[in-house]
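In: Need a 3D model of the following:
(2 chains)
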Amino acid sequence: MKKVNFLLLSTLLIFSLTSCTKKTDQNVIKVGEYGSLTGSEATFGTSTHNGIMLAIDELNSAGGIAGKKIKVITVDDQGKPEEAASAVTKLITSDKVAVILGEVASSRSLAGAPIAQRYKIPMVSPSSTNPKVTQVGNYIFRTCFIDPFQGKVMANFAKNTLKAKKVAILRDVKSDYSVGLAEFFTKTFTDGGGKVVVDLSYTAGDIDFKAQLTTIRSKGVEAIFVPGYYTEVGLIARQAKELGVSVPLLGGDGWDSARLTEIAGNSLDNSYFSNHYTAESKDPRVAEFVEKYKKVFGQVPDGLAAMGYDAALVLIDALKRAKTLTPDDIRDALAATKNFQAVTGVISFNDNRDAEKAAVVLAVKNGQFKFVETVNP
Amino acid sequence: MTPHSIFRQIILFIAICLILFIFNIVTPYVLNAYLCMIVIYCGINIILGTSLNIINGLTGQFSMGHAGFMAVGAYASAACSYYYLSPLLNSLSTSSFITLLVQQFFLVIALIVGGGAAALFGYLVGLPSLKLRGDYLGIVTLGFGEIIRVTILNMDSLGGARGFTGIPAWSNFFWIYFFVVAVVMTSFRLMRSYHGRALLSIREDEIAAESIGINITGHKVRAFVFSSFFAGIAGGLFAHFIGYLNPSSFTFIKSFEAIIIVVLGGMGSISGSIIAAIITTILPEALRPLQEITKLDFRMVIYPLLLLTLMLTRPQGLFGNKEISFSFLKRKKSK
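Out: Numbering: from 1, shown residues only, chains lettered A, B, ... in the order given. Just a heads-up that it's a prediction; the model follows:
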């Protein structure tokens, strides 16, 4: 029983200590960040965190905003939605942050956003593309495009650049992302006079796609739209090549992983996908960012790092313009963001607080992603 | 039961409600919302742990599907309030005070729907599978939990993989701790009743229990239904507190969290489950500052280490078979 008492006391002690360590410093602007620093999607959270810290550290070493430094308080949500909710609650009520950055995945942004909205603290998501995220309320922003836009981009690319008239779709029925992309692709493509000859589906985790691919082969299509994630896409490409299907595959940002070409080998050559950004771009801003990132972290920044960097830049810009540093004024300043030059493109918020910005189309060649074109909204 | 004792119980019930109500009003002023949230998570985990204790601790059946029942309760009650009760509440244009009362009444309905749905699933799963023992039952219940999760993942009306948004946040301190008291009281009463003794005898020796005329399967199924009902209630409270559900919150890891609570507190000890639920909720949160200061993920190193040390030093759990006794509070009975 003594041991129990001791344990209880010590937990209570730690617990009470946490609430005493708060200090209010007038010369600091507190920014909260929540992300999956551990768990199965740890690379997403870490990349984003690196990007954010790069932008904030730059600002702080340059003197901050009107003499005030920005302090980022980062909370790990382990990739779990319920942890994301408690992380946001902690940031707002315990750390008293003025604004929040996060999350990468839409499912966790959807868990955190209602809380930020309830307390009227602005939240900026760097890369949650699901349309529902910003529909939560007028304090929720995102600095990336939404899923429907990608479907449109690839449909226009198929029609205008590839001159395709007949395409097939192979979608992941279990993923909201994939279904959304496929629907908007179909809509844009058929409106433009093209024809979706066959629309088939698979489920994430499948490994055999030969039945679907054989059906597609018999229809004589000019391209196949596969809006899935890299694991299945790699396998589909491999099996398509084995069956002698040589038309290009098209996809979205779910393809963006070094694992894609590891799985697919060279069978994805001459396939195309849309993405937020490419480290290859000729834009001097991108070159400068890649250089700085390499210097600090010793690796080429992936898409999520660039998105995190941009989200932080947009936020810094808004903080500079805000009349006072209250959450309401920061929100208004964020909403007024127009034509902001960021690394991944020019960012303006529309009425739904979604960023309207360009997407890039990348080609897969010899296991590398090559820049093809930029598509403006 | 004499009229006198019924009277005493009513007084006790009203007193508990009054105390909870006062706490409900006072806590937001004393604690900030983050600490309030931890207190509320403690409550939800107490319900979860105490209810699983009935199966795993008291009856000695190894169920690994508690997250599944919680998911059924969470989604059933969320769907009930999202599709039926919330629109109904909005169509009533009355004063804000009455709306608040109706809202609380609706919450109870939604919770009972959630608990009922979970109990029904508990019955359906329990009936065929409780003839199994030990590891086999564990595997069946584990499988059941995953089936539930994957089914929800494929249901568009429940949000699928994207998650269920827009659930009204009606839960509050009062109802969460009301059900905490309810599950703890009923567990204590159950344990000291004929049924509880039967469950204990099943845990100690099934064959001996059967030989003295105890209907083993019947008792197991009843324990299962009872336990899953409260898991469903916990799910419903969780859904209406956080306002958002995602199937990935209900993986088998959630089931293991409930099992950890039971094992840590001591198999069969209700007080143990309560204390263990509080520890397992507070500890990861209390270790959070450590991660922020060191910038390293020590949290998930220290937390398991503490669990490990505890299990090595006290393999029977914090309380073993014992309970915190409140007998000194009672008047001595003349018997």
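In: Could you use CA atoms for every contact and neighbour count after this?
Out: Fine.
In: Please name the bridge partners of A:K370.
Out: A:A363 (DSSP bridges).
In: Can you report how many residues lie near it?
Out: 17 (other C-alpha atoms under 10 Å in any protein chain shown).
In: What parts of the stretch 51-200 of chain B come near chain A?
Out: B:153-154, B:160-163, B:165 (C-alpha under 8 Å from any C-alpha of the partner chain).
In: before we move on, what SS does B:I139 have?
Out: What DSSP: H, G, I helix; E, B strand; the rest coil gives for B:I139 is helix.
In: Tell me if I'm right that it and B:F62 touch.
Out: No. Look at B:I139 against B:F62 with C-alpha atoms under 8 Å: they stay out of range, at 9.1 Å.
In: hey, C-alpha coordinates of stretch B:122-136 in CSV?
Out: What follows is stretch B:122-136, C-alpha atoms only, in CSV (Å, rounded to 0.1, in the frame of the first residue of the first chain):
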residue,chain,number,x,y,z
GLY,B,122,-21.7,-8.2,-26.9
TYR,B,123,-24.5,-10.8,-26.8
LEU,B,124,-24.1,-11.7,-30.5
VAL,B,125,-20.4,-12.2,-30.2
GLY,B,126,-20.5,-13.7,-26.7
LEU,B,127,-23.0,-16.4,-27.4
PRO,B,128,-20.9,-18.4,-29.9
SER,B,129,-17.5,-17.5,-28.8
LEU,B,130,-17.7,-17.8,-25.0
LYS,B,131,-17.6,-21.6,-25.3
LEU,B,132,-14.0,-21.0,-26.1
ARG,B,133,-11.4,-20.5,-23.5
GLY,B,134,-8.2,-18.5,-22.9
ASP,B,135,-6.2,-17.7,-26.0
TYR,B,136,-8.9,-18.8,-28.4
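In: distance between the ends of stretch A:237-255?
Out: One end of stretch A:237-255 to the other measures 12 Å (C-alpha to C-alpha, to the nearest Å).
In: Now do the buried residues in that stretch.
Out: For stretch A:237-255, a neighbour-count test (16 or more other C-alpha atoms under 10 Å in any protein chain shown) marks A:237-241, A:245-255 as buried.
In: quick check, it touching chain B?
Out: No. Counting by C-alpha under 8 Å from any C-alpha, chain B has no neighbours in stretch A:237-255; the shortest distance is 15.6 Å.
In: quick check: mean pLDDT across that stretch?
Out: When pLDDT is averaged over stretch A:237-255, the result is 90.
In: same question, stretch B:115-125
Out: Averaging pLDDT along stretch B:115-125 gives 94.
In: buried stuff in that stretch?
Out: B:115-123, B:125.
In: same thing with stretch B:211-220?
Out: Buried, per 16+ other C-alpha under 10 Å, within stretch B:211-220: B:214, B:216-217, B:219-220.
In: Of these, just say which sits nearest to chain A.
Out: The shortest approach to chain A among the buried residues of stretch B:211-220 belongs to B:K220, at 31.7 Å (C-alpha to the nearest C-alpha).
In: Who are the packing partners of the helix or strand that closest one falls within?
Out: Secondary structure assignment for B:K220, by DSSP states H and E: helix B:216-242. Secondary-structure packing of helix B:216-242 (3 or more C-alpha pairs under 8 Å, 6 or more residues apart in numbering or on different chains; DSSP states H and E): helix B:33-52, helix B:66-80, helix B:96-129, helix B:173-192, helix B:194-204, helix B:206-211.
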